[in-house]
Each structure stands twice: as structure tokens, then as C-alpha cells.
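Asker: Sequence first, then the predicted structure, then my questions.
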Protein chains: 2
Amino acid sequence: MVTIKDVAKKAGVSSSTVSRALSGKIPVDEKTKERVLAAVKELNYQPNALAKGLKEGVTGTIGLIVPNICNPVFPLVSRGVEDTARKHGYTLILCNTDEDINIEKECIQKLRKQWVDGIILAASGRDDSHINELKASGLPMVLLIRKLGDEVDAVVIDNKKAAYQAVRYLVDTGHQRIIAVIGDTTLPLYSERFQGYCQALEEAGIVPDPSLVIKVPDNESCYDAIYRLIKKGVKADAVFALSDPRALEAMRAVKDAGLRIPQDISVVGIDNLQFTPFLDPPLTTVSQPLYQMGEAAAERLISIIKGDKSPPYINVMETRLIIRKSVECRTSNKIMQL
Amino acid sequence: MVTIKDVAKKAGVSSSTVSRALSGKIPVDEKTKERVLAAVKELNYQPNALAKGLKEGVTGTIGLIVPNICNPVFPLVSRGVEDTARKHGYTLILCNTDEDINIEKECIQKLRKQWVDGIILAASGRDDSHINELKASGLPMVLLIRKLGDEVDAVVIDNKKAAYQAVRYLVDTGHQRIIAVIGDTTLPLYSERFQGYCQALEEAGIVPDPSLVIKVPDNESCYDAIYRLIKKGVKADAVFALSDPRALEAMRAVKDAGLRIPQDISVVGIDNLQFTPFLDPPLTTVSQPLYQMGEAAAERLISIIKGDKSPPYINVMETRLIIRKSVECRTSNKIMQL
DNA sequence: CTGAAAGCGCTTACAG
DNA sequence: CTGAAAGCGCTTACAG
């Protein structure tokens, strides 16, 4: 490795001068500067970020902790984060936790050892202790996808509302018996979406029917459950899935059970993933601004890193119903009203 | 931040002893060790990775450079890399380059400044100079998805073969007029797959028809091109798409143009992405072992970092035809022969 | 087994 | 404007 000393020697100056010529913060004679820059170029000198970080106490790196980059919402989110980070000269360290609280803790520790300047955390939300600890440590952080009280910065959507938008549309188009595909409701994300489902139903005077609610753990397909439910002959006219991948599985199950979408059963999802317009039928869903959420989280984090002391802010981003072809209008009446 | 000195003071020893007690490489009196460990725990001491890295010349970080984490092959790949990295105690720095040669260079520079212990590079393959430079610098590296000669370690699939497997299956099931959806053939990845297409055709005595070849830039949908081709009334009995996302777009276009899959037109892809079994019809495709490729690349990189001096090795991983329902057998004859 | 010292490669107050 | 020196937080030969 070529160091600042090598450059200094080649340019015939001290390393202090090299450092100053490079940083530009302190005036250096034009001539010397030129000599230094020439030497830098000739030797292809790269300042050692470790040494710089050790001295200055900042590293220009930020950590992004996600449950699983293979969950299709996270690539876009992390792209938003990375693009924004790069724009500001920061570098991204990525960790997957599989929502395992221990891995989450381990990641946070590792990032702290690495002296990241801040952390963006898309946590599972099963346990908060380590997040509060992190917050208390004073390291800049912002939560993503989920929030934690009002004391920690966060970029989120209103999950209840997103689900409400989807189910409300189903209700408005005349659906009454709506299957809900829900995840592990101990996770706030899922319980909130379930609440949105219930609210839309209740507003329409429909009592949620527990036999229509399917709860599937994250790592399990909902295909079987839906297939069986329909084969059993349950009365249903729609499926609300809490995510697009779930909606996709549901569509397959519905079709394999011999029903048509949307003529027999309508389907809606949440996410608006890339592939949804191409499904058969194109999926009606509620979009989350995933890339923008990543951007917003990174912008906020970086502003905190740079000294912004404004109070914690929960940035609730807008979701939007995307109407495609997977929902059929079941009452001509209702159409008039819409 | 609590430093080694704080621990030393609390334990009543020198920082050298703290360091030794923690590393375990040099014997320390049991009693003192206990005191040190107690102090570490009490103060919640985290060694500063920057200082350690600066002193030791290794950082325990590796860089992963991908074109775009939103391209659905990369989440799995990067997951394989990250899991393996973590298993060995390494941390992952992620960069997206959008196949922009300048961003690629910039990323490499940044990673070097950061003193990563090695780099895994899923490069675009448009330009090699910086890769050769990187190789020459002696920093451990392995190429992923694409290779570069035989002088640089790489983990790849045989793209030509993968395409051949897909198209050969089409040919064997009696297809003659096969539309090829191909990307920018200046990229080796795509030109190789195109070669596989041609080879399968030629082996069957079919002359590739240029009017059936659709070339679409990476950032553009192939929907319109296919839709128009079919609407124009082109004679075709199958579509070979060089990736599953392309196959998905193709399916939509074929259906929207009024033809049925697979009765009128069969479709095959490459990738075997998560969503493909759920499509309508479930997509026949060629699987790439994406996660395992990430794993293999990381394992190889780490072994190089740890001093493995074996000559460069091109690890060509197996692809496999996954038969589902998007291809119809067009000749009863052929069935007998299979 | 343990401590004092040197040094990893930078940056920046301190003198000049 | 410039250089010598101190120091960021570690690790490890060097003495003892």
C-alpha cells in the first residue's frame, strides 16, 4: 500500500502538507499543491479510510439491517438507501437477520465495532430492548418499514390504511365474503394490516368471519390452506392477501381449485411488486413507495449524522390503490354509487 | 466510546494485558483474565474495529459489487454471500453499479480505501481494464455470474448450455419457430445465451430466423415487441426468453395478443425465480443455483483471503431444466423418442 | 505472565 | 504557508 509518507517524500514535503493539500480545508501554496497532486496521481495514492476514520471518529459508512433481502420489498428499499448514501459519499454495509433477534443484536454490535456513522434498521418488531439500547447509545438511527413509539425516527407506511384501501375497494365492488391471508399476527406489521381488513368490513356492516382468516407463518406457503378452504366449498367471493407474493400464491391456489379470477373470486394484494402487472389477471394491489422509503430513511439518517437535532419524526408515506384486473365488480348498483 | 484503556484501568492492568486476554492468542493469568473479562462486560466494551484493522492490516469486511440488487437474481446471490461471510466472521459492503463502468470503478476505489479484505464482483463485462487492474493489485477477488479469462477466480454457470437446455427441450417437444428474447448482445452473458439458442436450433437442422429474434435493452420491456410480432401474424410456436422476468413479460404479451400458452405458444425462461411456479401456466425454466453461487464465491474469496494460493479456478455450476406447464408437446412422434 | 513502547496511517492544533 | 509532534485505539515485539 502506498501511504501519505510515500507521497510526501515524492513531492518533497511533509505528510502534513499532503494531508492539507488533499483535504482542501487549509490553504496550501499553489505550487506545492500541484506537486503533491502530481505525486498522488503518479503513485495512485488512496488515503486509508481506516486511519482517517480512527482519527476523525467518522467512517462514511452506514449500516442497513433488513430481515431478508430476498423478501421482494427489500431490494427496492435498499436500492433507495444505497443510491442516497452514495450521493452523499457514504458506503453501505448490509446485514440480513431473518428476523432473528439474536442476529439482529449481533449485527448491531458488529456495525458499532465498525464505527458506522449510523444505522437504518428494518427490524422484525418482536423485541424492542436492543433498539432502545441502540437509541440510547446516541448512534444516529432511523427505523424503516416499522416504527417504535414516537421517540425514534422512522419511515413507514400506514399498514392499517393500506389494508383498508385494499379491502374497502373489495367491499365497494360488492364483495362480502373476503378471505384474509395474514401472517404471524404477533408482528405489528401484520396485525395492523389485519385491523385494516376488519375495519373495512365493519364499516360496511360485515362481521369478520374467523373461518375466512388464514394465518400462515412467514416461511410457509399459503397455497395449501387456500386450496383446501376452497375445495371444502367455503363461500367466498374475494381474497385479500397481505402482500403480493401471498396474492400470487393465492391466485394459483384459487385457479387450481377450479375457480376463475376474478369472475368467481377477486384477489387483491399489497406491495405493487414489479411482476404484478404481468400476472394473469394483472393484480389489483396497494402500492408502497419502497424506493422512496429507502431514500427518505437514508436522507434522514444522513441529516442526523450531520448534526440535525430536530426531534424524532415519523415519516408516514402514502400508499395507493392500483386498480388492475383481478377484482370484478359484483353489483351494478355499487358501480353507480362509485 | 469506551476504549481499551478504560477497561485496563477498571481491571487494574495495562492495555496490553487487556488485549491479550481478549485475543486469547497469548497466555494470560487466569485470575487477571477474569478481572479483565468482568471489566469488559461491565463497561460493555467493544473493540474498535478501525484501530484493529489499521494495526493488523485486515478489516474483516468484504465488498460485493452487483449491477442492481433489484434484478431478481441478485438478492439470492447476495444472501448466499452474506450468510457465508457472516459464518466466517466477515461483514458485507454492498454496491450497485447499474453496469456503469464509472460507478464500478468508483466502487472498487472506495472499497480499497476502506481496506476490504476482498471483493466479489458481479461485473457487467463491458470493459475489463479495471478488473485486470484490481487483479494486478493483489487484492483477493472473485468474479461472480461472469468470468474473465482463466486468470481470475470465478463462479459462473454455463450460459450457453443453460440456453441450450431450454431451447433443446423446445425442439425436442416439436417446436420449430422459436422466438428468442435476447438482451444487449454486446454483453457476454447474453451473447452466450444466444449462442445456446442457435446451437439447439442448428443441431435440429433448423436455421435460426433473424425475424424471430428480439433484442431489448436491459431497462426496457419486451412486451411491446412481442405483442407486435404476434399481432403481425408471425408464425411462431414458442418463445425462449433469456430470463424469467422476460418470460413473464412475454407471457403477458402472448396472452394479450390473443394466443394461449401453451396450446398456441410455449414459453420457457431461465432463472427459476421464486414466483415462476405460481404463474399461469407455471413456467418451465432452467434453474441457476443462485444462492449456492453466492456461497461458493464467498467461500472461495475467504479461502484466498486466508492465504490459499491455489491457481485461479473457474467454478462452473450446474443448471437444470425445470419442467412445468408452459410448454406443450407438439408431436406425438417426438414423445416416443424421448 | 505483564508493562512500556512503538507503530499502523492519518489529521490537526501548535509553533514557526 | 509549512513542519514536527501528538494522538485516534488498537496489537505485538521487547524487556523484564
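Answerer: Perfect, I can see it now. Numbering: from 1, shown residues only, chains lettered A, B, ... in the order given.

Asker: Against B:Thr319, how distant is A:Leu242?
Answerer: Using CB to CB, to the nearest Å, A:Leu242 is found at 34 Å from B:Thr319. To be clear about C-beta, it is placed using only N, CA and C from the backbone, and glycine gets the same treatment.

Asker: cool, and A:Leu170?
Answerer: 41 Å.

Asker: what's the answer for A:Pro217, then?
Answerer: Counting by CB to CB - A:Pro217 and B:Thr319 are separated by 31 Å.

Asker: likewise A:Thr319?
Answerer: A:Thr319 is 39 Å from B:Thr319, by CB to CB.

Asker: cool, A:Asp98 as well?
Answerer: 27 Å.

Asker: now swap in A:Arg324 and tell me
Answerer: 33 Å.

Asker: on that earlier part again, which residue of A:Leu170 and B:Thr319 possesses the greater neighbour count?
Answerer: A:Leu170 (26 against 23; other CB atoms under 10 Å in any protein chain shown).

Asker: Report all helices and strands that the one helix or strand the more buried one maps to contacts.
Answerer: Per DSSP states H and E: A:Leu170 is located in helix A:159-172. Counting by 3 or more CB pairs under 8 Å, 6 or more residues apart in numbering or on different chains; DSSP states H and E, the packing neighbours recorded for helix A:159-172 are strand A:178-182, helix A:188-203, strand A:238-241, strand A:266-271, strand A:284-287, strand A:320-322.

Asker: Is it possible to get a markdown table of those that adds mean pLDDT, mean neighbour count and distance to chain B?
Answerer: Formatted as a markdown table, the helices and strands packed on helix A:159-172 follow (pLDDT from 0 to 100; neighbours: other CB atoms under 10 Å in any protein chain shown; distance: least, CB to the nearest CB, whole Å):
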| stretch | mean pLDDT | mean neighbour count | distance to chain B |
| --- | --- | --- | --- |
| strand A:178-182 | 96 | 24 | 14 |
| helix A:188-203 | 94 | 20 | 19 |
| strand A:238-241 | 97 | 30 | 12 |
| strand A:266-271 | 97 | 27 | 12 |
| strand A:284-287 | 98 | 25 | 14 |
| strand A:320-322 | 98 | 16 | 16 |
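
Asker: Enumerate every residue touching A:Asp244.
Answerer: Residues in contact with A:Asp244 (CB atoms under 8 Å, 6 or more residues apart in numbering or on different chains) are A:72, A:269-273, A:275-276, A:283, A:285.

Asker: which of those residues lies closest to B:Lys105?
Answerer: Nearest to B:Lys105 among these: A:Pro72, at 29.8 Å, using CB to CB.

Asker: Tell me if I'm right that that closest one and A:Asp271 touch.
Answerer: Yes. Look at A:Pro72 against A:Asp271 with CB atoms under 8 Å: they come within range, at 7.4 Å.

Asker: Give me the pLDDT value at the residue in chain A that DNA strand D sits nearest to.
Answerer: Chain A approaches DNA strand D most closely through A:Pro27 (2.6 Å), counting by CB to the nearest atom of the strand. pLDDT recorded at A:Pro27 is 84.

Asker: On the three-state scheme, it is what?
Answerer: coil (DSSP: H, G, I helix; E, B strand; the rest coil).

Asker: coming back round to it: got CSV for the helices and strands packed on helix A:159-172, with distance to DNA strand C too?
Answerer: Output for the helices and strands packed on helix A:159-172, formatted as CSV (distance: least, CB to the nearest atom of the strand, whole Å):
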stretch, distance to DNA strand C
strand A:178-182, 53
helix A:188-203, 42
strand A:238-241, 52
strand A:266-271, 44
strand A:284-287, 44
strand A:320-322, 46
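
Asker: A:Glu106 is nearest to which of those?
Answerer: So among the helices and strands packed on helix A:159-172, helix A:188-203 is nearest, using CB to CB, at 22.4 Å.

Asker: ok so, going back, render the CA-only coordinates of the helix holding A:Leu170 in CSV, please.
Answerer: Extracted C-alpha coordinates of helix A:159-172, given in CSV (Å, rounded to 0.1, in the frame of the first residue of the first chain):
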residue,chain,number,x,y,z
ASN,A,159,-50.3,-0.5,7.3
LYS,A,160,-53.8,-0.4,8.6
LYS,A,161,-54.7,2.1,6.0
ALA,A,162,-53.0,0.1,3.2
ALA,A,163,-55.1,-2.9,4.1
TYR,A,164,-58.1,-0.8,4.5
GLN,A,165,-57.7,0.6,1.0
ALA,A,166,-57.5,-2.8,-0.5
VAL,A,167,-60.4,-4.3,1.4
ARG,A,168,-62.5,-1.2,1.1
TYR,A,169,-62.2,-1.5,-2.6
LEU,A,170,-63.4,-5.1,-2.4
VAL,A,171,-66.3,-4.0,-0.3
ASP,A,172,-67.2,-1.2,-2.6
